[in-house]
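> have a look at this prediction, sequence included:
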Amino acid sequence: MSRKYTIGVDYGTQSGRAVLVDLSNGAEIADHVTPYPHGVIDEKLPTSGQMLGHDWALQHPDDYIEVLRRSVPAVIKASGIDVGDVIGLAIDFTACTMLPVDEDRVPLCFKPEWQNNPHSWVKLWKHHAAQDEADRLNAIAAERGEKFLPRYGGKISSEWMIAKIWQIVNEAPDVYEATDLFTEATDWVISQLTGQFVRNSCTAGYKSIWHKQEGYPSREFFKALDPQMENIVGTKLRGDIEALGTKAGELTAAMAELIGLRAGTAIAVGNVDAHAAVPAVGVVGPGKLVMAMGTSICHMLLGTAEVEVEGMCGVVEDGIIPGYLGYEAGQSAVGDIFEWFVEESVPGYVKEAAENDGVSVHQWLTERAMQYKPGETGLLALDWWNGNRSVLVDTNLTGVLVGYTLLTKPEEVYRALLEATAFGTRKIIDAFHSNGVPVHEVYACGGLPQRNGLLMQIYADVTNREIKIADSKQTPAVGAAMFAAVAAGSSNGGYDSIVDAAGAMARVREETYKPIPENVAMYEKLYQEYTLLHDYFGRGTNDVMKRLKALKGQG
Ligand SMILES: Nc1ncnc2c1ncn2[C@@H]1O[C@H](COP(=O)(O)OP(=O)(O)O)[C@@H](O)[C@H]1O
Ligand SMILES: O=C(CO)[C@@H](O)[C@@H](O)COP(=O)(O)O
């Protein structure tokens, strides 16, 4: 039998990428990236030019189709394989990235009557303008003693589906009324490929408060949020919910023509970027934490029992790998903080020097930051430039940097920011480890481990754990390609389970980052200081960040 292939398409924050993978060994035969033509829409609406509020982040649904139009034919062409040997396609996405669609699954923002209303657009995962709704939702859920709350670390995030929908109810009831379905972008793209709408259990579980045994929260709960939402489960949230790796349907003739694959190709149900990455590094059992490190970090871990962990994003049965409870936690900004510094905060001389040396500003700063020992900068930061996702679950928290002097150099600040994100990860690991979900090994994938060795050494030192790195530039896409192989099934040249697919296709690099004992000791001291600052600003001793944000809103 000829070699068989699948395509995984990873939808990130700024771009989407397709990877064509050999099913016999997981080799990435070709990849292609399509930057989203509209990028992240966080200043003004592309249609009317209307300015968006603080904390808004939207996207254009056609950008997702553009990724398929451009990147799928590009990987077929670059690989030179026979398209008939591509047996499946699957995608993974940022989440909760959601949109309202009409009865024909047309996004409301495509329709002239709605296109000038910002609430008709895709709300990206990092749209944080529903914090008020999230706060009220959490208070109501706690008051009612809702059983679901502990499964989400005690708080539902403003990033997740129900808070985002409630914001639409409050600010644009007409959009709410006109919406036939609220869908995750990952499920919407799959519906465009197959012509059928099916939800996936991963986003339903982590982002929409759905539970395998108990379903969604009760009508009474939704009614307590707003009477207009009472029947939302049977109406705007309806749809079959299928497990990861299930075949959602087959590629329609029209889409086959558009993207250059055969009609009838198996299409898997949607998935989330970080979750898809887990089998791609070979993790199919407990004790091994996977960090998907890019714009943000998602921390993924498998367990055998459902336990409560402060501030985790969620625990979902079969949510990552069937047969296990999948735990997720995260940091809302990591690479984004480094990017902010590079774009908004380095002096002109750094940019010029980097240009003269022919390296990126990130590289220039990293080479210099490497010369410092832990503690030597005298700086300490809180990594809350985009709020805190875990363990505090509060998007109203903001960044802090302590220890500036007149001699502070940009590379020292850069190093302090790298370290702050590592301390944030340590908080998450400690929360799991001390609550009965052990973390013995750490794996990293995503853009950051490929680009910044100093960052990875700092993470190994701060967490005092060896870190294994994915042997792939596009780990979530490879994971999606594995789920596509499962959707196609072994009778078609794919696999019967994700465990079988991971056994044959997953890869990590031989070299690892090992903790250096003297760095571990110094970082332990700095971590104690980080914890003091973290609790002081994050647990209510001093709510100055929130007061400042409120004043900013009035200004
Ligand atoms: N050399 C570098 N060191 C640290 N961060 C970097 C470096 N180069 C780029 N970045 C950061 O990587 C992030 C993008 O990560 P990537 O994994 O490619 O994207 P995504 O999260 O959208 O999938 C950006 O936020 C950028 O600031
Ligand atoms: O929240 C999740 C997954 O649950 C991510 O999609 C979100 O953090 C975005 O990830 P990226 O940083 O764009 O890889």
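Sure thing, it's come through. Ligands and ions are numbered 1, 2, ... in the order given.

> residues in the protein within reach of ligand 2, list them.
12-13, 94-95, 125, 272-274, 292, 294-296, 298, 328, 330 (CB under 6 Å from any ligand atom). Glycine gets a C-beta too; all of them are placed from N, C-alpha and C.

> switch to 5 Å and redo it
12-13, 94-95, 125, 272-274, 294-296, 298 (CB under 5 Å from any ligand atom).

> tell me who's in contact with the one residue sitting closest to the centre of the chain.
Compute the mean C-alpha point of the chain, and by CA atoms, centre = their mean the closest residue is residue 94, 4.5 Å away. By CB atoms under 8 Å, 6 or more residues apart in numbering, the contact set of residue 94 is 11-13, 124-125, 185, 272-273.

> circling back to that earlier point, let me know the closest of the residues of the chain next to ligand 2 to ligand 1.
The shortest approach to ligand 1 among these belongs to residue 294, at 2.3 Å (CB to the nearest ligand atom).

> now do the closest one against residue 467, distance only.
16 Å (CB to CB, to the nearest Å).

> burial count for the closest residue to ligand 1 within the stretch 351-500 of the chain?
Closest to ligand 1 within the stretch 351-500 of the chain is residue 447: 2.3 Å, counting by CB to the nearest ligand atom. Residue 447 is flanked by 16 other residues according to other CB atoms under 10 Å.

> my guess is residue 72 meets residue 9, correct?
Yes: counting by CB atoms under 8 Å, residue 9 is a contact partner of residue 72 at 7.3 Å.

> who touches both of those two?
Common neighbours of residue 72 and residue 9 (CB under 8 Å, 6+ apart) are 18, 89.

> and these two? Which one has more around it.
Taking other CB under 10 Å, residue 72 and residue 9 do not tie; residue 9 has more neighbours (30 against 23).

> picking that back up, of residue 294 and residue 467, which one has the most company?
residue 294 (23 against 20).

> need the contact list for residue 332.
If you count contacts by CB under 8 Å, 6+ apart, then residue 332 has 126, 128, 159, 296, 386-389, 395 around it.

> go again with 7 Å.
126, 296, 386-387, 389 (CB atoms under 7 Å, 6 or more residues apart in numbering).

> before we move on, what about residue 426?
Residue 426 makes contact with 462-463, 527, according to CB under 7 Å, 6+ apart.

> ditto for residue 166
Residue 166 neighbours (CB under 7 Å, 6+ apart): 130, 133, 137, 225-226.

> swap in 10 Å and give it another go.
Residue 166 makes contacts with 130, 132-134, 136-137, 158, 176, 222, 225-226, 228-229, 232, as judged by CB atoms under 10 Å, 6 or more residues apart in numbering.

> closest one of those to ligand 2?
Nearest to ligand 2 among the contacts of residue 166, with distances taken as CB to the nearest ligand atom, is residue 158, at 12.3 Å.

> and what about that closest one, helix, strand or coil?
Secondary structure, DSSP: H, G, I helix; E, B strand; the rest coil: residue 158 is coil.

> how about the closest residue to it other than its chain neighbours, phi and psi?
Leaving aside its sequence neighbours, residue 158 sits nearest to residue 134 (CB to CB, 6 or more residues apart in numbering; 3.7 Å). Per-residue torsions, residue 134: phi -60, psi -40 (degrees, to the nearest 10).

> run a quick neighbour tally on residue 134.
The burial count for residue 134: 25, using other CB under 10 Å.

> my guess is residue 331 contacts residue 291. True?
Yes: look at residue 331 against residue 291 with CB atoms under 10 Å: they come within range, at 9.4 Å.

> the more surrounded of those two?
The residue with more neighbours, out of residue 331 and residue 291, is residue 291; 30 against 27, by other CB under 10 Å.

> paired strands for the helix or strand containing that one, with orientation please.
Element membership of residue 291, judged by DSSP states H and E, is strand 288-293. Looking at strand 288-293 with DSSP bridges, its partner strands are strand 297-303 (antiparallel), strand 441-445 (parallel).

> and the strands in the stretch 201-350 of the chain?
Ranges of strands in the stretch 201-350 of the chain, per DSSP state E, counting those that start in this stretch, are 241-242, 247-250, 266-268, 288-293, 297-303, 314-317, 325-331.

> could you dump these to a markdown table with distance to residue 379 and mean pLDDT?
Converted to a markdown table, those look like this (distance: least, CB to CB, whole Å; pLDDT from 0 to 100):
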| stretch | distance to residue 379 | mean pLDDT |
| --- | --- | --- |
| strand 241-242 | 47 | 96 |
| strand 247-250 | 49 | 98 |
| strand 266-268 | 45 | 98 |
| strand 288-293 | 22 | 97 |
| strand 297-303 | 21 | 97 |
| strand 314-317 | 33 | 94 |
| strand 325-331 | 19 | 96 |
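
> picking that back up, ramachandran coordinates for the residue lying closest to the residue nearest to the centre of the chain once chain neighbours are set aside?
Excluding the flanking residues, the one nearest residue 94 by CB to CB, 6+ apart is residue 125, at 4.6 Å. Per-residue torsions, residue 125: phi -50, psi -40 (degrees, to the nearest 10).

> low-confidence bits of the chain, can you list those?
1, 555 (pLDDT under 70).

> name the residues of it found near ligand 1, please.
So the chain meets ligand 1 at 12-13, 294-295, 335-336, 338-339, 362, 446-447, 451-452 (CB under 5 Å from any ligand atom).

> which of these ranks first by neighbour count?
residue 446 leads the residues of the chain next to ligand 1 on contacts (other CB under 10 Å) with 28 neighbours.

> list the residues that contact that residue.
Residue 446 sits in contact with 10, 12, 273-274, 277, 290-298, 334-335, 470, 473-476, where contact means CB under 10 Å, 6+ apart.

> what residue in the stretch 351-500 of the chain comes nearest to ligand 2?
For the stretch 351-500 of the chain, CB to the nearest ligand atom, closest residue to ligand 2: residue 446, 6.2 Å.

> if I look at the residue of the stretch 351-500 of the chain closest to ligand 1, how far off is residue 63?
As judged by CB to CB, residue 447 and residue 63 stand 19 Å apart.

> same check, this time on residue 367
With CB to CB as the criterion, residue 367 and residue 63 are 35 Å apart.

> quick one: residue 280 from ligand 2, how far?
14 Å (CB to the nearest ligand atom, to the nearest Å).

> now swap in residue 248 and tell me
Taken as CB to the nearest ligand atom, the span from residue 248 to ligand 2 is 19 Å.
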